Structures are given as structure tokens and as C-alpha cells.
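J.: Just need the structure, nothing else, for what follows:
(one chain, ligands or ions: 1)
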Amino acid sequence: MPVSVRSFAKINIGLKIGPRREDGFHELLTAYQTIKLHDVVRVSLTRGSGIDIRCEDPRVPKDESNTCYRTVERAMRALKANGRVLVEIEKRLPVQGGLGAASSNAVATLLALERALKESLTQAQRLQIAAEVGSDLPLFLLGGTVLGESRGEQVYPLPDLPSMPCIVVTPNVGVSTPRAFAAWDQKLTAPDSSDRMSELGLRLSAWLSESYSGAPFRRGRRENPLLELVRAGIKNDFEEVVFPEYPELCEVKQALERASARYASLSGSGSTVYGLFASNEAARRAALKLQKQGWTAQVTATLTRHEYWKRFWM
Ligand code: C5P
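T.: Numbers count the residues shown, from 1 in each chain. From the prediction side, this is the model:
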């Protein structure tokens, strides 16, 4: 019997890009937020050896470049396990869409493989394998709202924020993440970006300390804390280099804002643009409006850490 799991997507609630490091990666500061949209991953184990990746979507690589493949290789070695591993990916999320689908698939595979083997890695081993395979993997070992630092792989669980209705639009353009980072390097000088990183760090710590202390942000009724986080002044730096190259992504953001999104932003380096809404009704109305304008808009919601783990195993 295969072990089946839901492999949820993420959005970035703001993303600050810092200086390029000696290893070629960039310092990052971002808040990741898992959402309900997901792929399904099935892992099974048979006699023999090797790793077999299956997915009907031709854009998903089936060889050792696949994040699931690389994760299985490392996990089998760490557990000194034998057998042939079959990973089936039922693709519903966009490929290379800024929703972290490939990273999420890899973490889903790792946890399903442990269950199939009836073996357990420690959380430290899982985090290490995840970070080796890609910067966006470790967040999926936490779920919910997650602070990402360093190159994005150092993750800290943030307070679990209530779910918010969300619309996801992924226009059919492929944005290359390394190219977007390179465009950012050309735009900004390193000392500049260090200053901006520490400024955001200060704003985030102010948000966190107020969140944990329970102090009200403003008089009267508290807003959804997710919106308060957004208003800590975080925006996605990739917008500055991706929007000029792909103006339709900026158009989607503006369309979401006009359709009453409380906050709209590019996710990661795109091409997904999302909007957060005050109510399900507002999100449904906005999706209809965007669909009439010709965009493929999906209504979903952010996923708390509690719900992430409750729904993870199928
Ligand atoms: O870690 P991941 O495989 O997702 O990174 C893909 C590419 O994105 C890297 O090879 C690098 O060019 C770029 N990157 C970066 N800084 C980061 C994360 C990724 O420059 N923090």
C-alpha cells in the first residue's frame, strides 16, 4: 500500500533580498505562509533498488534533478535502508510558479518514505536533508506561518495566524529565480541592501514582540494578525525586477487590489500573484471579476500549522 500525503503550497508574505554571499546565494528574510492548494504525493516501496519518479505532467523532471529524487537518495543513505522507492506525484499546483511546489513535494516524499519504511529520521536530520536539497524545503517541515532567514532555509515557526481567504493567480509565464536574483544584483549595491535587511529585521521583531505579548496594535478591534504582519512593512523585493519584465504580473496585482484584496503580492519570484481577502464572499466575488478579465483565479485560504498537520496524511 502506498503512503499518500497532501503536499501543500506556500506563498511569501514579503521577501527582502540581502547581499549576494560568497557561495552565490543571497541573504533573505521572508515570512512563508502555507495555503490549502496542494499536490498529492504517493510513496511505495518494493524489492530491489533505485528511485522511480512518476508524474503525468511532462514539465516535471523524472531523473536525479527532481527534488523528490534527491531527497529520497539522502534519506535512504541516512537510514541505511534498502529497496526500490516509487514516488508518484499527482500535479495540481503550477510548476515553477513561486508556490514552492517542487520543494513541498520533496518534503512530502521524505515524510511518506519514513512511514513506508517504518523508520524515523530526527527532525535535525530532516532539516539538514531539506536544506541541502533546496532553500525552500525546510519551511514545509514546519507549516503554517514560518520566518525564513539566511538563504531561506533557516526556519522558525511564527505564531499560528488565523486562516484568511486567498486568491492565487498564476499567469502562464516562466520566471527564472536565478535570473531574478541576478537582475536584483544589478539593481542594488550590497551596502544598500544590508541596511534594508536590518530595517526589516527590526520591524519584524517589533511585530513578533507585540504578537507574543498580546499588546493591541491599534485601538478598537484587532485586525487579522496576518494583515498586521503584512503592514510591518514587508514587501516582496522581486516585484521590482520581475514586474518590469512581465507587466502582466503587475496587472494581476492591480486587478486584485481593485477587487478589494486587503493585500496583494507576487509570491517568491513568481509567476504566482496572490491576494488576501477579508471574507470568503469577498474572495469569491473577486475571483469572478478576475476570471471575467481572462485570468485563471483560484480561491483558496491560508493554512495554519495545526491544519497543515491535520490534513497532511491522507
Ligand atoms: O536553493 P534553491 O535550489 O531553491 O535555489 C535556486 C537558485 O536560486 C540558486 O542556485 C541561486 O542561484 C538562487 N538563490 C539565491 N539566493 C537564495 C536562494 C536561491 O541566489 N537565498
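J.: Just list the residues touching residue 229, thanks.
T.: 13, 14, 31, 145, 158, 161, 207 (CB atoms under 8 Å, 6 or more residues apart in numbering). All C-beta spots, glycine's among them, are computed from the backbone N, C-alpha and C.
J.: Quick check: the two most widely separated of those?
T.: Within these, two members stand farthest from each other by CB to CB: 14 and 161, at 13.6 Å.
J.: For this structure, what lies in contact range of the ligand?
T.: 25, 26, 28, 134, 135, 136, 151, 152, 177, 178, 181 (CB under 6 Å from any ligand atom).
J.: Include pLDDT and neighbour count when you put those into a markdown table, please.
T.: Listed next are the residues of the chain next to the ligand as a markdown table, based on pLDDT from 0 to 100; neighbours: other CB atoms under 10 Å:
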| residue | pLDDT | neighbour count |
| --- | --- | --- |
| 25 | 96 | 14 |
| 26 | 94 | 20 |
| 28 | 90 | 21 |
| 134 | 98 | 19 |
| 135 | 97 | 20 |
| 136 | 97 | 30 |
| 151 | 95 | 18 |
| 152 | 96 | 26 |
| 177 | 95 | 16 |
| 178 | 95 | 9 |
| 181 | 95 | 19 |
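J.: Helices - which of these land there?
T.: 177, 178, 181 (DSSP state H).
J.: so how far is residue 249 from the second one?
T.: Taking CB to CB, to the nearest Å as the measure, residue 178 and residue 249 are separated by 18 Å.
J.: got it, and the first one?
T.: To residue 249, residue 177 is 14 Å away according to CB to CB.
J.: how many neighbours does residue 102 have?
T.: 23 (other CB atoms under 10 Å).
J.: Repeat that for residue 119.
T.: Close neighbours of residue 119, defined as other CB under 10 Å, add up to 14.
J.: Let me see the contact set for the closest residue to residue 307 other than its chain neighbours.
T.: Spatially, and ignoring its direct neighbours in sequence, residue 307 is nearest to residue 163 (7.1 Å; CB to CB, 6 or more residues apart in numbering). By CB under 8 Å, 6+ apart, the contact set of residue 163 is 301, 302, 303, 304, 307.
J.: out of the residues you listed, which are inside strands?
T.: Using DSSP state E, the members of these that fall within strands are residue 301.
J.: which stretches of this protein form helices?
T.: Using DSSP H, helices in the chain cover 67-79, 101-117, 123-133, 177-187, 190-213, 225-230, 238-245, 247-258, 280-292, 305-312.
J.: what sits against the residue in the stretch 201-314 of the chain that the ligand sits nearest to?
T.: Closest residue of the stretch 201-314 of the chain to the ligand, CB to the nearest ligand atom: residue 269 (8.3 Å). Contact analysis of residue 269 by CB under 8 Å, 6+ apart lists 98, 175, 176, 177, 180, 181, 238, 242.
J.: Ranking by neighbours, what's the top pick from those residues?
T.: residue 98 (30 neighbours).
J.: For that residue, which non-adjacent residue is spatially closest?
T.: Counting by CB to CB, 6+ apart, residue 268 is the residue found nearest to residue 98 once chain neighbours are left out, at 3.5 Å.
J.: quick one, domains of the chain?
T.: According to automatic domain parsing, the chain comprises the domains 3-162+306-312, 165-301.
J.: Compare these and say which comes out lowest on pLDDT.
T.: With a mean of 85, domain 165-301 has the lowest mean pLDDT of the domains of the chain.
J.: Start and end of that domain, how far apart?
T.: Start-to-end span of domain 165-301 (CA to CA, to the nearest Å) is 4 Å.
J.: now do stretch 134-144
T.: End residues of stretch 134-144 are separated by 19 Å (CA to CA).
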